[in-house]
Structure formats: structure tokens, C-alpha cells
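In: From the sequence below, what's the structure:
(chains A, B and C)
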Amino acid sequence: MGHNPEITRRILDWYGHNQRDLPWRHTRNPYNIWVSEIMLQQTRVDTVIPYYRRFLSRFPTIESLARAPLQDVLKVWENLGYYSRARHLHDAAKRVTSLMGGVIPKTWPELLALPGIGPYTGAAILSIAFDQQVAAVDANVRRVICRIFAVMERIDLPGVQKRIHGIATALIPPKEAARFNQGIMDFGATLCTPQNPACVSCPLQDLCLAFKRGCQSD
DNA sequence: CTCCTGCCAG
DNA sequence: CTGGCAGGAG
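Out: Just a heads-up that it's a prediction; the model follows:
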């Protein structure tokens, strides 16, 4: 579909020089990655960091989380908002511990069956923690791809979503899904932003169809 | 599909 | 103060 190794190369290269030093980037522990991804839903990186640290120091393993009373979990989650995320996380930890021997599943259907894990979070865990070749497509990735490939259709149409996902998948370099997914997300979060993207300093400027057409705001 | 949640920009 | 966002649930 949109297989373009040059785009991939430049994103990886950009990421190599510009990646943010975030606590969850120092681990591949699936439980830690999972906690970070749940917290990152609808919540900014800067807000999440202290909660992530505190949560993992209180509940360092999935078993310790599963064992804890919900009230304790909610207490650590206090003021982070979207408390159903904490309830679902706790619920899922109990299921994994009691039904799956405490091992976080490595397959799409098993992961998606856990509460709080949808298509995005499932793909993030599979790629970042388990090195599987799946695209983790969040709002940042959608925006970046729509710009580079000048996807002008309404982004909420299922067919368009499918096409974006196909492009994202085609861009993943062999064996590097973890780095690429995080790279393109960082790229969208810090450079190819919703408003006022930094096109002047963008390493993809000459390949970006939206820039070429002067419509990066659409 | 519609709804939900809190934050944050307008 | 309103409305848009964003990912998942129902």
C-alpha cells in the first residue's frame, strides 16, 4: 500500500536523535508497558510520569496488583481521572493472575479480551513488549499518516481507518516495530502536532504530500 | 453504532 | 463556559 522505506528510515533516524527519555522506555516488562499505556490513554505524558512511578513502586508486579484491594488501587490513581481505567486494570490483573498463571498473553484475541485493552493498547503491548510486527495506531499516528499520504477523507470512516492502519503496518521495518511505533508516535506528539506542526524542521518535508499541497492543517 | 470520561483550547 | 478530543465499553 504505502510501503516507503525512506519514510520509515527517516522516522527512525529522527527518533534516534529526538526521542524523549520516559520511564517506560527503559523497560520491556509487559506489565510495566501495560500500566504505562493505560495511564497514557487520554492523559498527557507529563501528568502520567509521577503516577507511573508511584503505581509501580506500590504494585511492582501483576500479582501484587491483583492482590491489592480495589480501594488501594484507586487511591494511587487519585486525581489521574478516568477511574474506570484503574478498575479495568485491576480487574484484568486479577484475571491474568488467577486464570493465566500471571503471564500476560501474547496474542491479539487474548489481550483484547482483557478489560481496558482495546485495539490501540493491545497493539502497543504486542509491539513494544513482545516485539510483534503490529501497528499501534493512535491519534498521533493517524494524523502523521494522513498528512504524509494526504488522506483527505473523513478519518472516522471505517474504510479510511483501515487504510491508515494498512499504511502504518506497511511502514513497520522488520524486527523494529517497537522502535518504529514509538518513533512515529513521538513524531506526531512533538513535531507533527495537530496545530502548527513544525514543518520547517521536519525531516519528512520533501516527502509529505500535505506539505507539498500546503494543506497540513486539513 | 453511541456513549463515557475529564482535560484543555477556543 | 462550551465543545472537541481519544480510546474503550456496552
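In: Excluding sequence neighbours, find me the nearest residue to A:Gly81.
Out: With Cβ to Cβ, 6 or more residues apart in numbering as the criterion, A:Gly81 has its nearest non-adjacent residue at 6.9 Å, and that residue is A:Thr43. Using the backbone N, CA and C atoms, a C-beta is placed for each residue, glycine as well.
In: separation between the one you found and A:Ser36?
Out: 11 Å (Cβ to Cβ, to the nearest Å).
In: what's the answer for A:Arg10, then?
Out: A:Arg10 is 26 Å from A:Ser36, where distance means Cβ to Cβ.
In: Could you do A:Leu89 as well?
Out: Here A:Leu89 is placed at a distance of 11 Å from A:Ser36 (Cβ to Cβ).
In: what element comes up after the strand or helix carrying A:Val141 heading to the C-terminus?
Out: Assignment of secondary structure by DSSP states H and E places A:Val141 within helix A:139-148. Scanning forward in sequence from helix A:139-148 by DSSP H and E, the next helix or strand is helix A:158-171.
In: how about that following helix: buried residues?
Out: Using 16 or more other Cβ atoms under 10 Å as the test for burial, helix A:158-171 gives A:160, A:163-165, A:167-169, A:171.
In: ok now that helix, how far from the chain's centre?
Out: Put simply, helix A:158-171 sits 16 Å off its chain's centre (Cα atoms, centre = their mean, to the nearest Å).
In: Let's see that helix as PDB, backbone CA atoms only.
Out: These are the backbone C-alpha positions of helix A:158-171, laid out as PDB (Å, rounded to 0.1, in the frame of the first residue of the first chain):
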ATOM      1  CA  PRO A 158     -14.100   2.600   8.800                       C
ATOM      2  CA  GLY A 159     -12.700   2.200   5.400                       C
ATOM      3  CA  VAL A 160     -10.300   5.200   5.900                       C
ATOM      4  CA  GLN A 161      -9.300   3.800   9.300                       C
ATOM      5  CA  LYS A 162      -8.500   0.500   7.700                       C
ATOM      6  CA  ARG A 163      -6.400   2.200   5.000                       C
ATOM      7  CA  ILE A 164      -4.500   4.200   7.600                       C
ATOM      8  CA  HIS A 165      -3.800   1.000   9.500                       C
ATOM      9  CA  GLY A 166      -2.600  -0.700   6.400                       C
ATOM     10  CA  ILE A 167      -0.200   2.100   5.600                       C
ATOM     11  CA  ALA A 168       1.100   2.100   9.200                       C
ATOM     12  CA  THR A 169       1.600  -1.600   9.000                       C
ATOM     13  CA  ALA A 170       3.500  -1.400   5.700                       C
ATOM     14  CA  LEU A 171       5.800   1.200   7.200                       C
END
